[in-house]
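**Q** Make a model of this:
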Amino acid sequence: MTSADPTNLETDSIAKGIGFMAIANIAQRAIGFARNLAFCYFLNKAEVGLWALVSSFFVLAAPLAMLGLPGSFGRYVEMYRQRGQLRGFVTRAMLWSGLGLAVLCGVGLY
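**A** Numbers count the residues shown, from 1 in each chain. This next block holds a predicted model:
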């Protein structure tokens, strides 16, 4: 039997998925730790503080800019689609998201 045979499918276990996610998470943290050590080595104390502040802002800015939009977007898209008002809803959602992003970027630059 070949591997393309539908009766001979290999199933993925949840343990493989969790193992992959654990390895990816550890690698991500290690890269971030090395990056932060490099910044601490190459920058003076004032610049390190500024880097920490900007880094913290970027961690918080993206979720704050969206204000929970991804969790509810699908439900509202379907509701407005059934009413025939989908274009207006998507336009308003893009405008509000862009406005929120612009405000947060402006605050971050200030």
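**Q** Who are the packing partners of the lengthiest helix in the chain?
**A** For the chain, the longest helix by residue count, based on DSSP state H, is helix 14-42. The contact analysis (3 or more C-beta pairs under 8 Å, 6 or more residues apart in numbering; DSSP states H and E) places helix 14-42 against helix 45-66. (Glycine included, C-beta is placed from N, CA and C.)
**Q** next one: the helix it packs on to chain centre, how far?
**A** With C-alpha atoms, centre = their mean, to the nearest Å as the basis, helix 45-66 stands 15 Å off its chain's centre.
**Q** quick check: mean pLDDT across the helix or strand hosting Ala93?
**A** Element membership of Ala93, judged by DSSP states H and E, is helix 86-109. What helix 86-109 shows for mean pLDDT is 83.
**Q** Output the contacting helices and strands for it.
**A** Using 3+ C-beta pairs under 8 Å, 6+ apart, helix 86-109 is in contact with helix 45-66, helix 69-83.
**Q** which parts of it are buried?
**A** Phe89, Gly100, Leu104 (16 or more other C-beta atoms under 10 Å).
**Q** and it with helix 69-83, angle?
**A** Orientation of helix 86-109 against helix 69-83 (axes from the mean of the first three to the mean of the last three C-alpha atoms, to 10 degrees) gives an angle of 160 degrees.
**Q** how far does helix 86-109 sit from the chain's center?
**A** 17 Å.
**Q** CA atoms only for it - export them in PDB, please.
**A** Provided in PDB are the C-alpha atoms of helix 86-109 (Å, rounded to 0.1, in the frame of the first residue of the first chain):
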ATOM      1  CA  LEU A  86     -21.900  43.900   5.100                       C
ATOM      2  CA  ARG A  87     -20.100  46.600   3.100                       C
ATOM      3  CA  GLY A  88     -21.000  49.300   5.600                       C
ATOM      4  CA  PHE A  89     -20.000  47.100   8.600                       C
ATOM      5  CA  VAL A  90     -16.600  46.200   7.100                       C
ATOM      6  CA  THR A  91     -15.900  49.800   6.200                       C
ATOM      7  CA  ARG A  92     -16.800  51.000   9.700                       C
ATOM      8  CA  ALA A  93     -14.700  48.200  11.300                       C
ATOM      9  CA  MET A  94     -11.700  49.200   9.100                       C
ATOM     10  CA  LEU A  95     -12.100  52.900  10.000                       C
ATOM     11  CA  TRP A  96     -12.300  52.300  13.700                       C
ATOM     12  CA  SER A  97      -9.400  49.800  13.700                       C
ATOM     13  CA  GLY A  98      -7.300  52.200  11.700                       C
ATOM     14  CA  LEU A  99      -8.200  55.100  14.000                       C
ATOM     15  CA  GLY A 100      -7.400  53.000  17.100                       C
ATOM     16  CA  LEU A 101      -4.100  52.000  15.600                       C
ATOM     17  CA  ALA A 102      -3.200  55.600  14.700                       C
ATOM     18  CA  VAL A 103      -4.100  56.800  18.200                       C
ATOM     19  CA  LEU A 104      -2.000  54.100  19.800                       C
ATOM     20  CA  CYS A 105       1.000  54.700  17.500                       C
ATOM     21  CA  GLY A 106       0.700  58.500  18.100                       C
ATOM     22  CA  VAL A 107       0.700  57.800  21.900                       C
ATOM     23  CA  GLY A 108       3.700  55.500  21.400                       C
ATOM     24  CA  LEU A 109       5.600  58.200  19.500                       C
END
